[in-house]
Structure formats: C-alpha cells, structure tokens
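Chemist: I would like the atomic coordinates for the input below:
(chains A and B)
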Amino acid sequence: MEKPESNYGFREQTVPVKEKEKLDKLNRKWFKYLKSHPLTGDQLPRLGTAGLVSTMQMRGQLSTKNYKYGTYEDYEKVSGEYLAEEYNIVNKGCLSCPIKCARTVMVDGKPVKGPELETLGLLGGGILNNNLEAILKWNYELDELGMDTISSASTLAFAMEAHEKGLWDNGLTFGSTEEISKVWDDIAYRKGIGDDLANGSRWCSEKYGGKEFAVHSKGLELAAYEPRRTVGLGLGYAVSNRGGCHLNGGYMVLVEGLSLAVDQQNPHGKADFTMIFQDLMEGVSSCGQCLFTTYAFLPSLIISHPQSWYTKAFCKIVPYIGFVLRIINKLPTGIMHFHIPVIFNQSKALKLITGMPVTFGSFIKAGRRGYTLERHINTRFGIRRKDDSLPKRLTDDPQIPGNEKTKVPLEWMKNVYYSARGWSRDGVPTPKTLRRLNLDKLDSYKVTCEEFKK
Amino acid sequence: MVKIKLFGTLRLKTGFKEMEADISSIREAWVLLAQETDIPAREFRKCIIALNGVPCKASAKLSDGDEITLFSPSGGG
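Modeler: Next comes the predicted model:
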C-alpha cells in the first residue's frame, strides 16, 4: 500500500529510548513540576509571552519609538491581558507540551497564530501604534510572507526615525499605520522602499545615515527588551554569536525585572551570569528541548513571593556573587558529577534517552563547547571585539536624561565577559580555552572567509 | 482617591481590571481587592507593586491622585 503524501517520503519509525520506564517516570514528575510552577504552569499558559508587556512597561524595558524611550503611554491597548480578554480564542502549543504558550486569534474570520511579546512590543510602542487589531493582522501577514516580525518591525522603526530626522524621504511616520501592510508586501517582493528595507537596518543606516539609532548587533535587530534598563541583556545582545538575539544572549532580563528584581543597572556579576545562562540555554537548545522549561529553574518559592525578605535578599546578593560563579565556571565540569533534581531535569532526561553518561556538569560543558565553537568559527570570519557592539543610542545616551546609570556600560562588561569566557581582550578564544574544551584540534580544518567564498 | 489597576494572571482569573478607592496604604488595597473578587488577600500580597508606574515597597504611603498597579509574577518570552 502506498504511503500517503502527507508523510513527505519519511518512513514511520519509533525513536528508540534507552531507559523508557525511568524516562516515563521522570516525565510525569517533570510535567507535574512544570504545571505547579507560577511561570510555566500559570503565566505562560494563561497569557503566553504577551503577558510581559505590562511588566516591561513597569521596569522601563518596553522599547518605544525605536528604542528612544522605555515606556509607552498606550501600553495597555497592546498588552497581553487585553489580547487575552478581547482577541484570544484558544491556547495552543506543541504536541504533548504542558505549557502551551501559543495564542490563537481571529484575523479576517480565520483562526491564526497570535503575536508574541516581541511582536507586540516592536509593532506597538516601537512604532507608536496602539491598534492591537492591526498588529494581529500584520503578524499574520508577516508569517505568511515568511518574514521575522522582530527584524521587520525594528527596520520599519528605523526607517520612520530616519524619515523624521530628514535622512531618508520614505513617507513612513511614527503612529501612522495605514500603509504598513503594503510595506510588508513591498519588502517581500522588493518593490519601492521595500527594496532597501529588505536589507535590514544596518544596511539602511550605512546607505542613508543614522547608525547611532540603527538598533542591531552584528546586523541582527534586537528584541523588544530595552537594554539600557537591563544591562546584563545589553551585554548578551552585543556578544551573542547570532547577532542581537535575546535568547542566544543569555536572557538576563529574566532576573533583571521580569521574574526577579535584581538591580537592572548594576553591571557587576552580570557577565558571569550571562556566560552560564548562555551555556545552559545552548545545551537545552542543542538537544531539542524548549527553552521555556528552563524558567522553572528559578525556584517557585522566590518567584511567587516577590515581597518576601528572602526574595529581596536573593535579588540584592546576585550582582555580588559573580566571582563565585567565575570560580565554578573555571573549575573542571567533571566535579559537577550529579543531576539537579526537580528544577533541572534536562540533563537526566538526555541521559535516560541516549544512554550517554550525561551529568549536569557535562551538560553545561556541551553547551559551553557549542557556544565557544560558534565564536571560534565567527572569529575565523573576522568577528572581533569591535563587532560585539550596540548602537550609540544604547551605550552613550541615558534612557532617563541625567541618570548616567541608564545606559549600557558595554566596554567594561565586555572585558569581564571575555575574561570569564577565557577569550582574549579582542574577543578571540585563546588556545588554552580551546584545549580545555577539546576544540583545539579543529585548527586542522582551517577555512578562511576567502576560501569559503570560493 | 487612588486608582488601583491589576495585571497578569490574577486579572484573567478575577475579571477585575481597575477601580478607584479612598485608601492610604497598599495593605488596604489588598483587603479591598479581596472583597471585590473571590480571591483571598494573600494572593494579592504575592503581586509586584508599582506606584505611579515605578516599582515600590508594600509599605509605601499613598496620597490622593496616586495610581497603584499590581502584577502577578511573570516569566520570560
């Protein structure tokens, strides 16, 4: 009998699992914990990521008018709560996921995927638009065109500001949103101003000027978190291997305002935390698990009692325990020959599925090797310290006029970060670091940028 | 009068959005919210609080025309 076309030629197979019974038992416990956690069991299922808009507004982290401000006066009209109350018709998620963070909304009478926080932030306050219905429609249109909403929205905001400053006569203005659907089409089919916009904000700023407010790192536009009020993520955006990606950048905003109230402006300890978060997230992503499961790593006791003395004490000491993390990061990962029960199940699950002798230490080491390997490859293509950058708006202009703390002290943080990673002052992994991570033999596969182009 | 606003999952659970009340402390706001909804006051004690858009302590004093906002714990995206 012929296979149906929907299989696309793949054969049905069962994925073999090394220790199935133990894995099932672990999964049951893990699901139960995820469902009982305030973030993975309550906030994400009920509001999705969109629920962060109002928290970010309170912390001054909601990028507004192309990252000029950190709060938007009409934030309520584009918040996750308003989306859930007025537009969400059903919560959806990946197969078998206990979190189910996706939203479904109606656009032109059709049920379609709803917007994420980044889309709401950048297509809301980012371009001074308070029309949520328009965002739902644009989100759908961008999905259909196969375009990323973060890069599209941020490039649009740059174009609006360039027009406002008289650098580029493109007809786009903040708050005027009638022609935006046409702009997406123009970008997709490279017509009119869309032909320039399709190249992204870095390219446009090189052509028309305005590099100081083209908000990208290594050519990739940033997410909706305003880094001047979350300096740890500011560092993460800058050093991320992928460019200005919040998840590849360590996602320090989770503890700098979203879930915990660690001092957003204090740069101390942030580089060490960024490093360990990046390594953990790299490990989780590499084995195909969802990053949202890592939010349960923050104990629910401190998340659900933000006013308690122990949560406040925890938030106060975090910037000052960076050196402890530095010592742990420098020690051989072999000493972490254990799993962290209940709150971090990823390493044990990987062991039970594959049969490999995975521990928490080797899991982190795998993430660290991946991250360093990416950097090693990037440096072969010429990436150096100068490329780990943010636009001047975020590093030189305080978000709150007169408050010098409300900008990203990037150069200072980069020094600490490179030292923590075992990279040179120019951001290149040292031979010693590569040797420690068993990546030194890769030098026999030298491919330079020029050779690659050939 | 002080304006009280509620955000996060508690808003979806209770249907409560905002109200104005004559109160002078955040403790009074917790009690008032518990009366207005079916949720016990201890649940509102778990909220992060902002006074006029800026995070504040639970002991903050309120005066006429202030706006307090309560947020349930939130995660990442």
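
Chemist: Which secondary structure elements does the longest helix anywhere in chain B sit against?
Modeler: Across chain B, the longest stretch assigned as helix under DSSP state H is helix B:26-36. The helices and strands touching helix B:26-36, judged by 3 or more C-beta pairs under 8 Å, 6 or more residues apart in numbering or on different chains; DSSP states H and E, are strand B:2-7, strand B:18-21, helix B:41-45, strand B:67-71. The way it works is simple: take the backbone N, C-alpha and C, and place the C-beta from them, glycine included.

Chemist: To chain A, which of these lies closest?
Modeler: Nearest of the helices and strands packed on helix B:26-36 to chain A, taken as C-beta to the nearest C-beta: strand B:2-7 at 4.2 Å.

Chemist: Okay, now the sheet partners of that closest one, with direction.
Modeler: Strand pairing for strand B:2-7, determined by DSSP bridges: strand B:18-21 (antiparallel), strand B:67-71 (parallel).

Chemist: Would you agree A:Met147 falls within a helix?
Modeler: No: A:Met147: not assigned to a helix; according to DSSP: H, G, I helix; E, B strand; the rest coil it is coil.

Chemist: Surely it and A:Trp184 touch.
Modeler: Yes: contact criterion C-beta atoms under 8 Å: A:Met147 and A:Trp184 qualify, at 6.8 Å.

Chemist: Near the closest residue to B:Glu20 other than its chain neighbours, how many other residues are there?
Modeler: Spatially, and ignoring its direct neighbours in sequence, B:Glu20 is nearest to B:Met1 (4.7 Å; C-beta to C-beta, 6 or more residues apart in numbering or on different chains). By other C-beta atoms under 10 Å in any protein chain shown, 11 other residues sit near B:Met1.

Chemist: can you map out the strands along the stretch 201-350 of chain A?
Modeler: A:216-217, A:220-221 (DSSP state E, counting those that start in this stretch).

Chemist: mean confidence score for the last one?
Modeler: The predicted model assigns strand A:220-221 a mean pLDDT of 98.

Chemist: In chain B, what residue lies closest to chain A?
Modeler: Closest point on chain B to chain A, by C-beta to the nearest C-beta, is B:Gly77, at 2.9 Å.

Chemist: ok, so what distance separates the residue nearest to that residue when sequence neighbours are not counted from A:Phe292?
Modeler: The spatial neighbour of B:Gly77 that comes closest, neighbours along the chain excluded (C-beta to C-beta, 6+ apart), is A:Thr49 at 2.9 Å. Taking C-beta to C-beta, to the nearest Å as the criterion, A:Thr49 is separated from A:Phe292 by 9 Å.

Chemist: Which residue of those two possesses the greater neighbour count?
Modeler: Applying other C-beta under 10 Å to A:Thr49 and A:Phe292 shows that A:Thr49 carries more neighbours, namely 23 against 20.

Chemist: Could you tell me which residues make contact with residue 46?
Modeler: If you meant another chain, say so; for now it's chain A. A:84, A:91, B:9, B:12 (C-beta atoms under 8 Å, 6 or more residues apart in numbering or on different chains).

Chemist: actually it's chain B I care about, not the one you picked
Modeler: With C-beta under 8 Å, 6+ apart, B:Lys46 has these contacts: A:304-307, B:72-73.

Chemist: Now the two most distant members of the contacts of A:Arg46.
Modeler: Within the contacts of A:Arg46, A:Asn91 and B:Thr9 form the most distant pair, 12.5 Å apart (C-beta to C-beta).

Chemist: So for these two, which sits in the more crowded spot?
Modeler: Shown here are A:Asn91 and B:Thr9; by other C-beta under 10 Å, B:Thr9 has more neighbours (21 against 18).

Chemist: Who has more neighbours out of A:Met147 and A:Trp184?
Modeler: Neighbours around A:Met147 and A:Trp184, counted as other C-beta under 10 Å, are more numerous at A:Trp184. The numbers are 20 against 16.

Chemist: Pretty sure that one sits against A:Asp143.
Modeler: No: between A:Trp184 and A:Asp143 there is no contact under C-beta under 8 Å: 10.4 Å.
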